[in-house]
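> Quick one, what's the 3D model for this:
(chains A and B)
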Amino acid sequence: MTARPFLTLRWSAALAALLGVVIVVAVGVGPVPIPPGTTVAVLGSTLGLVDPAAIAPDDRLIIEQIRLPRVLLAGLVGIALATAGAVMQGFFRNPLADPSIIGVSSGAAVGAVAVIAVGVSLPWGLGLQAAAFSTAVATGFAVYLIARRGGRTPVATLLLAGVAVQAFLGALISFMTLLSGWDMRRVLYWLMGHLGGTTWGDLSAIAAIVPLLVIATYAHAHALNVLTLGESSAQAVGIAVERTKQRLLILASVLTAVAVAVTGVIGFVGLIVPHGMRLVVGADHRILLPTSALAGASFLIVADAIARSAAAELPVGIVTAAVGAPFFLYLLRREGAVEL
Amino acid sequence: MTTLALEGLSVRRGGTTTLQQISTRGSAGEFIGLIGPNGAGKTTLLRAIQGTLTPAAGSVLIDGMSVAAHGSRAVAQQVATVPQTPMMELSFSVRSVVEMGRTPYRQPLRPWGGDRDDVSVVSDALDRTDLRGLADRPISALSGGQRQRVSIARALAQDTPIVLLDEPTANLDIAYQVDTLDLVSSLVAEGRLAIAAIHDLNLAAQYCDRLWLLDGGRLVADGPPETVLTRETLRAVYGANTVVSQHPVTGATYVTAVADTPSDDALARIHVVGGGGTTAGILHLLDAAGYELTTGVLHEGDTDTAVARQLGIEPITVDPYTPIDAAAARRARTAVEAADVCIIGDIEVGGGNLPNLQILEAAPAVISTAERPFAERNFAGTAAAELWGDLSDRIIRSHPPELVRTVEQVIDGSL
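Numbering: from 1, shown residues only, chains lettered A, B, ... in the order given. You can find the predicted model right below:
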């Protein structure tokens, strides 16, 4: 068993290397193809290893100002959603759980659609992302309070409260979409998830928050393992169950809210990436969390590369679902695929 | 020496008091069985001891340390629990789940903290529960009984002086029940305190040193099995009519539920003629049904004699291996004359106990529970055969499951 930390390191190193390759290749994908060598050279010159004069200025501009921020955002969002998904599946002991299970994504959508469609203007100069983030977190908190009774929050109640609140917010979103008129295209685009037009500015908040939250989540990996045995067993071995559940819910919800606020609702990443990794590395969250995060980053970067290499650029949510759903069905047909 | 003290412990759940004023204590080396009807508060009490439920009044003290005042981590170093709910479908390996028992000794928030010290404790727990060969199998591949053992192994890995078990034998095959309780007994022998909620009163009596009987959230009896499991207590708590005897093999107190006493009226007097253990069950049955019993003539040392004395009936006896003498026969005939009904078991008749047939002439009614024809049981020749022939017109045949009903019918004249 002392071998398992090394197993984690090995898997993480392999997936990090894969992620590096995926980043370099994905940066090259788009209307103007850029060979991987040029990408490496540009990255090298940023670090002062390569003479900048050897690189065509157009290539540099495309890579540094357009492709790289977008790829990195895809990676961070992939990390956030896959981590949140792994936590939610373990937390709810339910293979169907995903990052939006307690309504966080629907909450973000309400905020975003209100700003886009209804033209709700926010005090203190808050933009669309801040609005989406606020309504996402508020929704998660509301669902938690609804499900809480007598100092306890049974996961079954939480799950049902999440489903009901999602349905309610879904109605609200549809209504606002109907009213959105000329903005409907923008609303739909947001609801399907998008990474287009990413600037370095979009990245700053998420790049600061996601790594911190992922590390904090990883600190709870053992507690999450114990929780899958059931709450009474977890309590019996000394886990402070309610407090741990609160923390995990906050971590997973904020991770989801941060991602969704920036990119819109990108489905399936948080559902299938943890399932796929569970098949490969097993159910131990100490291995599952870091490997899911890294695999989630690669998955979303690849999906976005496909989305932007289509004739007309697609919302990335369409690609993740179109690629993810068949893959998920394939997993379902494999025995034991959905055991936690 | 760890001691657990419950001091005026009361617990409220959902507005109602589910445990009321429970005060008792338990010490290292005791195996305490927690018994009581469904809903009596057994699980609640275990959860209160474990600290999952906070007392509304009173306290749970472990070596003077209040459970409520400490975090679950500190309590988990003192108390391990084997919960009732079977583990769900998990792809965690058996070893991983047993390792989770080490949680209270880990650095919190450090995913890999402290693993190295735990290896020997975990491997010991796997050995003791016979799970070594299954260590790398996923939980989902195990049977219910094996999952139960994993739960116990996890509690062992927790290495605590107190072990709580909630219905550890429920849903287990008989061999697993015995294995499980033997394992718990061995933990107790090492100086742990084990408290197990056990539904099966006879398993509880067989394995536990002491029983806590809960009823409606109150501790109504607390002591060794033979003092807790009495007919009166069981009637009061379970509302059941029972026979309390001693198990012939284990010697443990043994409870059998029987049909309810038909009425509270003064019941009839019955004389039972048995021997060789043929009427032991019948004596229990009739005693439980509330009849006034006499029995004899029996030999000293006979099973039926022992059973009669257990039930508080003084049998008419003669010394072992001696024929029935005139004095004993006379006393038996008096008893038969005083009885409303006589019952004769599936006894073998020889020269020595022939008087037992003769006295039946005086009986107003005779019920036989014999299973074999008389010829197979007759070792006293034609004399006995003639006696039986004379009686046989009057003999009513019955067998234990229907005996009480037959007796009722004979007494009210419908037979």
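
> How many neighbouring residues does the residue of the stretch 101-250 of chain B found nearest chain A have?
At 3.6 Å from chain A, residue B:104 is the closest residue in the stretch 101-250 of chain B, using C-beta to the nearest C-beta. For glycine as for every other residue, the C-beta is placed from the backbone atoms N, C-alpha and C. Residue B:104 has 23 neighbours, counted by other C-beta atoms under 10 Å in any protein chain shown.

> give me every residue that touches it.
Shown in contact with residue B:104 (C-beta atoms under 8 Å, 6 or more residues apart in numbering or on different chains): A:237, A:238, B:73, B:74, B:76, B:77, B:158.

> Please apply the same query to residue B:143.
Contacts of residue B:143 (C-beta under 8 Å, 6+ apart): none.

> where does chain B dip in pLDDT?
Within chain B, the stretches with pLDDT under 70 are B:86-89, B:113-117, B:259-266.

> ok so, going back, list only buried entries from the contacts of residue B:104.
A:237, A:238, B:73, B:74, B:76, B:77, B:158 (16 or more other C-beta atoms under 10 Å in any protein chain shown).

> Let me know how buried the closest residue to residue B:146 other than its chain neighbours is, in neighbour terms.
Excluding the flanking residues, the one nearest residue B:146 by C-beta to C-beta, 6 or more residues apart in numbering or on different chains is residue B:134, at 6.6 Å. By other C-beta under 10 Å, the residues close to residue B:134 number 19.

> all helices of the stretch 201-350 of chain B, in order?
Using DSSP state H, counting those that start in this stretch, the helices assigned to the stretch 201-350 of chain B run over residues B:201-207, B:225-228, B:231-238, B:280-289, B:303-310, B:326-338.

> May I see the buried residues of the shortest one?
Applying a neighbour-count criterion of 16+ other C-beta under 10 Å, the buried positions in helix B:225-228 are B:225, B:228.

> elements contacting it?
The contact analysis (3 or more C-beta pairs under 8 Å, 6 or more residues apart in numbering or on different chains; DSSP states H and E) places helix B:225-228 against helix B:201-207, strand B:210-215, strand B:218-223.

> before we move on, the earlier item: any idea how far residue B:397 is from the residue nearest to residue B:146?
Counting by C-beta to C-beta, to the nearest Å, the separation of residue B:134 from residue B:397 is 55 Å.

> do residue A:191 as well
85 Å.

> of these two, who's got more company?
In terms of neighbours (other C-beta under 10 Å), residue A:191 is the more surrounded of residue A:191 and residue B:397; the figures are 19 against 12.

> ok, back up a step: mind listing which of the contacts of residue B:104 are in helices?
B:73, B:74, B:76 (DSSP state H).

> What residues does whichever residue of the stretch 201-340 of chain A sits closest to chain B make contact with?
Across the stretch 201-340 of chain A, the shortest distance to chain B (C-beta to the nearest C-beta) belongs to residue A:238, at 2.9 Å. Residue A:238 makes contact with B:71, B:72, B:73, B:74, B:75, B:76, B:77, B:103, B:104, according to C-beta under 8 Å, 6+ apart.

> before we move on, the earlier item: quick one: the residue of the stretch 101-250 of chain B closest to chain A is in a strand?
No: read with DSSP: H, G, I helix; E, B strand; the rest coil, residue B:104 is helix and lies in no strand.

> ok, now how distant is the residue of chain A positioned farthest from its centre from residue B:394?
No residue in chain A sits farther from the centre than residue A:53, which is 37.7 Å out by C-alpha atoms, centre = their mean. Plainly put, residue A:53 is 128 Å away from residue B:394 if you go by C-beta to C-beta.

> Same question for residue B:292.
When residue B:292 is compared with residue B:394 (using C-beta to C-beta), they lie 22 Å apart.

> Over to residue A:92?
Separation of residue A:92 from residue B:394 (C-beta to C-beta): 75 Å.

> Can you tell me the centre-most residue of the chain?
Answering for chain A, as no chain was given. Central residue of chain A (C-alpha atoms, centre = their mean): residue A:81, at 2.0 Å.

> should've been chain B
Taking C-alpha atoms, centre = their mean, chain B has its central residue at residue B:202, 1.6 Å away.

> hang on, isn't that one packed against residue B:254?
Yes: Residue B:202 is within contact range of residue B:254, at 5.7 Å (criterion: C-beta atoms under 8 Å).

> okay, and the common contacts of these two?
Common neighbours of residue B:202 and residue B:254 (C-beta under 8 Å, 6+ apart) are residue B:247.

> how about whichever residue of chain B sits closest to chain A, what does it touch?
Ranked by C-beta to the nearest C-beta, the top residue of chain B for proximity to chain A is residue B:76, at 2.9 Å. By C-beta under 8 Å, 6+ apart, the contact set of residue B:76 is A:236, A:237, A:238, B:103, B:104, B:158, B:160.
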